[in-house]
Structure formats: structure tokens, C-alpha cells
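J.: kindly return the folded structure for what I paste below:
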Amino acid sequence: MYLLSIVTLVASAISFGILVFQYINIYFPDLINDYYFSPSNYYGTIRQSLATLIVIFPVYVWVTRFLKKDIQENPEKRELKIRKWLLYLTVFVAALVLIGDLVALINTYLNGEITMRFILKVLTIMFIAGSVFSHYYFELRELKAKPKKWLIGAGVYHWAVVGVVVVAIVSGFFIAGSPQNQRVVRLDERRTQDLSLLQSHIINYWQKKNELPQNLNQVANDILGIVIPKDPKTDLSYEYSKLGSLKFELCATFETSSLDQNTNRSKVVPAMYPYPGGEIQTWQHEAERACFQRTIDPELFQIEKPRPL
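T.: Next comes the predicted model:
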């Protein structure tokens with residue numbers, strides 16, 4: 001049971017930290033780290049952390065209360081060597097994390113790189129390590145004395161920590177959205193990825209044949225393994241139009257807006273996807289039919305010369 005409490009504690013602490021980190025990443029984006037941004041990068045991690053906390057954290061709370069009640073009924077178990085060993089080890093590790101956290105904060109400040117995003121993450125780590133340290137420090141003090149006022153304060157603090165974790169879990173459903181809405185968002189992400197793939201195939205077709213295809217069927221090639229994707233929900237083909245010798249257009253119907261998917265996305269770097277040539281093309285869209293016109297730059301994408309037989 002003591003081993004289970006330690007395992008569930010570590011899993012809960014890590015999941016809580018990851019969860020809060022993703023909230024910070026969303027509302028305090030970094031233009032350097034988040035340049036190639038996709039909602040699933042954060043929302044997928046949030047959902048995984050939520051699932052872990054929802055299952056494991058209640059187990060940790062139950063095991064902790066069970067052990068505390070067992071000690072109250074059997075006071076002699078306070079002197080168990082395994083209990084003391086785990087308590088001291090946990091306090092030692094938590095203290096090391098706190099010290100390392102403070103060192104990282106000072107080092108970052110000295111390098112002139114301190115930001116609100118970094119400060120919030122440091123405070124999150126301090127909260128997690130501090131909560132673990134204080135909880136097991138209280139446990140160690142119970143080995144020697146039991147002042148009633150002190151125990152009441154410790155109990156209030158423990159329930160406050162539980163309340164913070166519960167608030168973080170509930171916030172996840174509002175930030176990442178409901179499971180039904182997330183499926184719609186992921187469908188739109190799939191549509192964006194399909195358009196990006198089609199764009200690459202069309203450019204590759206032009207490089208090899210020095211002309212744009214008349215339709216998407218001409219791009220398909222069984223030998224090269226090129227299969228034309230379709231809308232993941234309706235199974236209809238994406239729209240393609242040849243607008244000139246170097247200009248074409250791709251269209252798709254989206255169900256959500258890329259600027260507002262369950263969060264204040266205006267605070268987040270717009271979704272971008274790289275394509276061959278080192279250039280960047282954006283795929284911003286509203287919850288409607290959206291078309292994206294592209295013009296091939298011959299200086300960037302040179303026509304491939306036929307190989308001699």
C-alpha cells in the first residue's frame with residue numbers, strides 16, 4: 001500500500017505538471033517554440049493528462065486516507081521501517097526539486113531570458129514539489145507529536161491541494177473542449193493535413209512535367225504510391241482548380257475556425273505547415289468552405305530535367 005501511494009503520487013504529480021504546462025503554453029505562447037503549432041500538440045497532451053489524473057489521483061487520495069486511518073487504529077505501525085524510509089526519501093527528492101527549481105529560475109534571470117511563461121512554469125513546479133514536501137513533512141512530524149491545532153491546519157492544506165487539482169481537471173474540459181467537439185476539431189486538422197499533402201503532390205507533378213494537372217486524378221500514381229485523400233467525414237473529393245500555368249486553388253469545407261478552437265486562439269500562433277522549398281504556407285480558415293490559392297515560384301521550385309536513358 002505504501003508503494004502504491006508513492007507510485008500514484010509520482011504519476012499524479014507528473015500529470016498535473018504536464019496539464020498546467022499545456023495551459024501555460026496555450027495562453028502564453030512562445031513565438032520561437034510554437035512557430036510550427038497545431039492544436040493537437042497541446043490538446044492531445046491535455047486529454048492524456050486528464051485521463052491519468054481522473055483515474056490515478058482518486059486512487060492516491062484513497063490510499064493515503066486508508067493508510068492514515070490504519071495508523072490511527074494501529075499506532076504501532078508508525079514505526080514501520082518501510083514507512084519511515086519512503087517518507088524520508090520522498091521529502092529528500094521533493095527538496096532537491098525545489099532547490100533545482102530555484103537554481104533554474106536564478107540562472108534564467110541572469111541570462112536575461114525570464115518571461116511570464118517561464119515564471120508560471122517554475123511556480124507550477126514549486127507548487128507540486130512544495131505540496132509533496134509539506135505533506136510528507138507533516139507525516140514525519142506525526143511520528144513525534146500530535147498537536148491538534150497543527151493537525152487541523154495540515155488537514156486544511158491537504159484539502160486545498162486536492163481542490164487545486166480538481167480545478168485543474170475541470171478546467172481541462174473547458175480548455176480542450178468536450179470529446180464530441182474534439183472529434184470535429186481533429187477532422188478539420190485532418191482536412192488541413194490533406195490539403196498540405198495535395199499541395200506537395202501538385203508541386204511535385206509540376207516539377208516533373210512542367211505543367212499543372214487538370215484534375216487531381218492525374219496526380220494519383222500507383223507506382224509512386226500517391227493516393228488522393230478525401231474528406232474524412234463525407235468521403236468526398238477535395239476541390240481543385242487550375243487557375244493558370246503556375247497558379248492553382250484547393251478548397252475544403254471546415255466545421256470549426258482555426259482561430260478559435262475551444263480556446264482564445266488569438267493568443268496562440270496560427271497553425272502553419274512547412275512544404276518543400278523551405279517556404280511556409282498558412283492554412284487559416286473559418287467554419288465554412290475555404291479556398292487556398294497558391295502560385296508556384298519557378299525560382300524556388302525548379303523543373304526536374306529528364307534523366308538520360
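
J.: only C-alpha atoms from now on, for both contacts and neighbour counts.
T.: Noted.

J.: run the chain-centre distance for the longest helix seen in the chain.
T.: The longest helix of the chain (DSSP state H) is helix 39-73. Relative to its parent chain, helix 39-73 has a centroid offset of 19 Å by CA atoms, centre = their mean, to the nearest Å.

J.: past it, which element shows up next along the chain?
T.: Counting by DSSP states H and E, the element after helix 39-73 in chain order, helix or strand, is helix 81-110.

J.: other SSEs contacting the longest helix of the chain?
T.: If contacts are counted by 3 or more CA pairs under 8 Å, 6 or more residues apart in numbering; DSSP states H and E, helix 39-73 sits against helix 2-27, helix 148-176.

J.: by how many degrees do it and helix 2-27 diverge?
T.: Put simply, helix 39-73 runs at 150 degrees to helix 2-27, going by axes from the mean of the first three to the mean of the last three CA atoms, to 10 degrees.

J.: tell me which residues in helix 39-73 are buried?
T.: Of the residues in helix 39-73, 39, 42-43, 45-47, 49-50, 52-53, 56-57, 59-60, 63-64 count as buried by neighbour count, 16 or more other CA atoms under 10 Å.

J.: for stretch 83-90, same thing?
T.: For stretch 83-90, burial by neighbour count (16+ other CA under 10 Å) applies to 83, 86-88, 90.

J.: same question, stretch 12-31
T.: 12-26, 28-29.

J.: list phi and psi for the nearest residue to L236 once chain neighbours are set aside.
T.: Once flanking residues are discounted, L236 sits nearest to K230: 5.5 Å by CA to CA, 6 or more residues apart in numbering. Dihedral pair for K230: phi -120, psi 170, per degrees, to the nearest 10.

J.: contacts only, for Q199.
T.: Neighbour list for Q199: L250 [criterion: CA atoms under 8 Å, 6 or more residues apart in numbering].

J.: doesn't it lie inside a helix?
T.: Yes. Q199 forms part of a helix when assessed by DSSP: H, G, I helix; E, B strand; the rest coil.

J.: how much space between H285 and L4?
T.: 48 Å (CA to CA, to the nearest Å).
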